[in-house]
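Chemist: Following is a predicted model, sequence given first.
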Amino acid sequence: MRVVIAEDSVLLRAGLTRLISDGGFDVVAAVGDGEELLRAVGEHRPGLVVVDVRMPPTHTDEGIQAALVIRRQYPDTAVMVLSQYVEESYAHDLLSTQTSAVGYLLKDRVAHVPDFLESLRRVATGGTVLDPEVVAQLVARRRSDPLDDLTPREQEVLRLMAEGRSNTGIAEALRVSHSAVEKYISNIFMKLDLPPTATEHRRVLAVLRYLRT
């Protein structure tokens, strides 16, 4: 099994490379940011990627965003996410389209090497591995108001939509690109469970839900 590792900590990246290689995997690349990860996956076409959530340059969600791209562009590549913290919104995004060949573990729970390697093998062969704390927070998230799932920026976009702003107007108000606004709105529709239909206007439905609060 060919593996690509993405971890910005040099020491942890070296440790993971050694540990995973000793476990019988073929580590073909170990990189330090999301862009390098996408290039390495395109070049090596691994069966599995192991990726941190927070990576350069902003150390927010570069790793998970790269993982989502990999899930779309390389559906045969399994993804194991390692995170220092429970990032339930990112776990939700990762699992929203496909629940096979995916894992999400907290770094401080990866203490028993054989169990970790077994988790990698399970994900690489199409299984799902989730840290118990991630599962608990996803369950709590499902019980909450869907509007609570929106990030602060997505809530701001929805507020501007409720004011009657067009995508261009929202982009100007937030000083972001038009494509960024489209991405935020797409995320809002997904999180509010508003699939496209021929009979309903999703933008209006999203605003109505916002106004009810």
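Modeler: Happy to help now that I have it.
Chemist: going forward, measure contacts between C-alpha atoms and count neighbours the same way
Modeler: Fine.
Chemist: per the record, what domains does the chain have?
Modeler: Under the assignment automatic domain parsing, the domains of the chain span 2-141, 146-212.
Chemist: Out of those domains, which one sits most buried?
Modeler: Mean neighbour count (mean count of other C-alpha atoms under 10 Å) peaks for domain 2-141 among the domains of the chain, with a mean of 18.
Chemist: chain center to it: distance?
Modeler: A distance of 10 Å separates the centroid of the chain from that of domain 2-141, by C-alpha atoms, centre = their mean, to the nearest Å.
Chemist: Quick one: mean pLDDT over that domain.
Modeler: Taken as a whole, domain 2-141 has an average pLDDT of 88.
Chemist: SS state for Lys183?
Modeler: Three-state call for Lys183 (DSSP: H, G, I helix; E, B strand; the rest coil): helix.
Chemist: Ignore what I typed, I meant Glu133.
Modeler: With three-state DSSP as the basis, the three-state label of Glu133 is helix.
Chemist: That one and Pro114: what is the separation?
Modeler: Distance of Glu133 to Pro114, given as C-alpha to C-alpha, to the nearest Å: 20 Å.
Chemist: Quick check: chain neighbours aside, which residue is closest to the spatially most central residue of the chain?
Modeler: Nearest to the geometric centre of the chain sits Ile64, at 3.7 Å (C-alpha atoms, centre = their mean). Residue nearest to Ile64 in three dimensions, not counting chain neighbours: Val53, with 4.9 Å by C-alpha to C-alpha, 6 or more residues apart in numbering.
Chemist: Now do the contacts for that neighbour.
Modeler: Neighbour list for Val53: Thr60, Asp61, Glu62, Gly63, Ile64, Val81, Leu82, Ser83 [criterion: C-alpha atoms under 8 Å, 6 or more residues apart in numbering].
Chemist: Ile5 now?
Modeler: Arg13, Leu16, Thr17, Val27, Ala29, Ala30, Val31, Leu37, Val49, Val50, Val51.
Chemist: So the residue nearest to the centre of the chain is in contact with Val50, correct?
Modeler: No - with contact defined as C-alpha atoms under 8 Å, Ile64 does not reach Val50; the gap is 10.7 Å.
Chemist: what is in contact with the two at once?
Modeler: Val81.
Chemist: a markdown table for the contacts of Val53, including distance to Arg45?
Modeler: Formatted as a markdown table, these follow (distance: C-alpha to C-alpha, whole Å):
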| residue | distance to Arg45 |
| --- | --- |
| Thr60 | 25 |
| Asp61 | 22 |
| Glu62 | 20 |
| Gly63 | 17 |
| Ile64 | 18 |
| Val81 | 18 |
| Leu82 | 20 |
| Ser83 | 23 |
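Chemist: closest to Asp108 among those?
Modeler: Proximity of these to Asp108 (C-alpha to C-alpha) peaks at Ser83, which lies at 8.7 Å.
Chemist: The helix or strand in which the residue nearest to the centre of the chain is found packs against which elements?
Modeler: Using DSSP states H and E, Ile64 sits in helix 62-73. Applying 3 or more C-alpha pairs under 8 Å, 6 or more residues apart in numbering; DSSP states H and E, one finds that helix 62-73 contacts helix 34-44, strand 48-52, strand 78-83, helix 88-95.
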